[in-house]
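S.K.: Provided below are the primary sequence and the corresponding predicted coordinates.
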Amino acid sequence: ERPLSDIIGQPFTPFDHQAAVVRPFADESARDATFAQELSAMLLDVMLETHAWAAARPKHESQVAVQKFEKKISEVMEVEKEQGIRITDRHLEQTRERLNDFVCSMKNALAALTGLG
């Protein structure tokens, strides 16, 4: 065994605070900053895509609804034609006016609901 005075007199190895504390902390901080930037970019992308989808959706839905109503109207007219229903010109004109009013009110309702009007 060595004498205690030799052990006490021996210089301590210096503590490398840069390698043990400062550099790992700086690296972790840089990783956090990079992650925050990437996350912000991803969130912005998601928000823009969601906004574009939400803005386009009502217009598409109203177009689909108009096509659906026009198809139903055509089907009714075709059935009337097939059944040979005979109606007077005055009655036909009144029916057309009511149908046109109905279609206009449906378009207005769709426009009001979707904010296109």
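M.R.: The structure has been received and is ready for your questions. What you are looking at is a predicted structure, and each value in this text was computed from that prediction instead of being measured.

S.K.: contacts and neighbour counts: CA atoms only from here.
M.R.: Noted.

S.K.: list the contacts for Gln67?
M.R.: By C-alpha atoms under 8 Å, 6 or more residues apart in numbering, no residues touch Gln67.

S.K.: SS state for it?
M.R.: helix (DSSP: H, G, I helix; E, B strand; the rest coil).

S.K.: pLDDT score assigned to it?
M.R.: Note for Gln67: predicted pLDDT of 86.

S.K.: with Val22 instead?
M.R.: Val22 carries a pLDDT value of 94.

S.K.: who's in contact with it?
M.R.: The contact partners of Val22, taken as C-alpha under 8 Å, 6+ apart, number zero.

S.K.: any idea how far it lies from Arg31?
M.R.: 14 Å (C-alpha to C-alpha, to the nearest Å).

S.K.: center of the protein - which residue?
M.R.: Nearest to the mean C-alpha position of the chain, by C-alpha atoms, centre = their mean, lies Thr50 at 1.8 Å.

S.K.: report pLDDT for that residue.
M.R.: 85.

S.K.: Ile85 now?
M.R.: Turning to Ile85, the model gives it a pLDDT of 59.

S.K.: residue numbering should commence at 194 henceforth.
M.R.: Will do, 194 is the new start, and the previous item becomes Ile278.

S.K.: for this protein, give me the ranges with low pLDDT.
M.R.: Within the chain, the segments meeting pLDDT under 70 span 277-282, 309-310.
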